[in-house]
Every structure is written in structure tokens, then in C-alpha cells.
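**Q** Next come a sequence and a model predicted from it.
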Amino acid sequence: MKKDNNDIRDTEIQDETYDYALEENYEQPSADADEETEGEENADEQKPSLKEVIEEHAREDERPDSSKVTLRTILGGDILTAKFLREQLGLILLIAAFVIVYVSFRYNSQKSMLEIDRLNKELVEARYRTLSLSSILTEQCRESRVQNLLKETSDSTLHAADQPPYIVNIPE
């Protein structure tokens, strides 16, 4: 029991020492005790006590940082009141903005790729159509085909030449 009483007394002395050490303008007592006593009384009135300082800095809505992150704290929204998240709010908003920009760019690129695929299909169809029309035109413009069409129509004055073409020389 004596040891316990000594421990309690030592603890009280340490607390008093700690209180004095926390005060900002703590000065050691000197030989002029009367003059300093009046100054200390005025300083004590101006300086807040440790309890007042703690009450000033502590807020009721602020919970102590907890290292436990449970599903209940996340789903309940208690994690949003954590000091760390409040300090990093700017970074979180910046990351969210980057994610939105990333998603929008990806959406635009997919939209562009679908448009490119559609245009490529149209191009292939146009090439096939052009090739087929070109083959039909080539068939219609063949000399033998033109001669057969002229023979079939009797109202035409056109006919195939019997003589080969000849060159006309013009003197200068």
C-alpha cells in the first residue's frame, strides 16, 4: 500500500510539473518574489489554463481518429467525418474529376470507333457497287455488243465501217 500511495503522489507531482511546462510564459521564481507575484497574478489572468486550451481545441463533432475501418463505418457514413478524409477532400475531388474526364473521353472514342466502322462498311459496299457497275458498263461498251445492238435496231443509220480508217495529211 505504501508503494501505491507513493506512486499516486509521484503522479500528482508529475501532473503539476506537466501543467507548468505547458504554460507558455513559464518563468522560474526569483529573489524578487513580491514584484513577480503581482506580474504572475496578471499573467495567470491572461493565460488560459490547460483545461481551457484543450476545450478550445476539442470539438464535439470531431471524433478521435480510429484505426478501425469497418463495413458499418463505411456504410453508415461515419468514415466521411474522419479527419484524414476531410484533409484530402481536394485530392478526392480532383481524382473524381479525372475519372469523369477519363470516362467521357472513353465514351467519345468508342463513339468515334463505331462511326469509323460504319463508314468502312459503307466504303466496302460502295466499292462492290462500283465494281459491279464497272463490269456492266464494260460489257455494254464492247464492240461486238454494240454491233449486235445496231443490227437489231433497223431505224439506226449507223453501221460498221467496211474500209479501214486512213490518215489525212494536211500540208503546212
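**A** On my side now, so go ahead.

**Q** so what does the lengthiest helix in the chain touch, helix or strand wise?
**A** If you go by DSSP state H, the chain has its longest helix at helix 89-140. The helices and strands touching helix 89-140, judged by 3 or more CB pairs under 8 Å, 6 or more residues apart in numbering; DSSP states H and E, number zero. Glycine gets a C-beta too; all of them are placed from N, C-alpha and C.

**Q** Okay, now stretch 161-168: how far is its last residue from its first?
**A** 17 Å (CA to CA, to the nearest Å).

**Q** And the average pLDDT for it is what?
**A** Mean per-residue pLDDT for stretch 161-168: 86.

**Q** mind starting the numbering at 2 from now?
**A** Done: numbering now begins at 2, and the last item shifts to stretch 162-169.

**Q** Below-threshold pLDDT in this protein: ranges please.
**A** 2-46, 58-68 (pLDDT under 70).

**Q** repeat that with 50
**A** 2-4, 18-19, 21-27, 29, 32, 34 (pLDDT under 50).

**Q** Next, count neighbours for Arg146.
**A** 12 (other CB atoms under 10 Å).

**Q** do you know how far it is from His160?
**A** Going from Arg146 to His160 by CB to CB, to the nearest Å gives 15 Å.

**Q** Trp54: neighbour count?
**A** For residue 54 the amino acid is Val, not Trp. By the criterion of other CB under 10 Å, Val54 has 14 neighbours.

**Q** what are the phi and psi angles of it?
**A** Main-chain torsions, Val54, degrees, to the nearest 10: phi -60, psi -40.

**Q** Check Tyr167 too.
**A** Given degrees, to the nearest 10, the pair of backbone angles that Tyr167 has is phi -130, psi 160.

**Q** Look up how far Gln111 lies from it.
**A** According to CB to CB, Tyr167 and Gln111 sit 68 Å apart.

**Q** Tell me which of these two has more neighbours.
**A** Gln111 (10 against 5).

**Q** Check the gap between the more buried one and Arg119 for me.
**A** From Gln111 to Arg119 the distance is 13 Å (CB to CB).

**Q** residues bridging contact with these two, i.e. touching both?
**A** Residues touching both Gln111 and Arg119 by CB atoms under 8 Å, 6 or more residues apart in numbering: none at all.

**Q** Helix, strand, or coil at Ile168?
**A** When classified by DSSP: H, G, I helix; E, B strand; the rest coil, Ile168 comes out as coil.

**Q** All set now, cheers.
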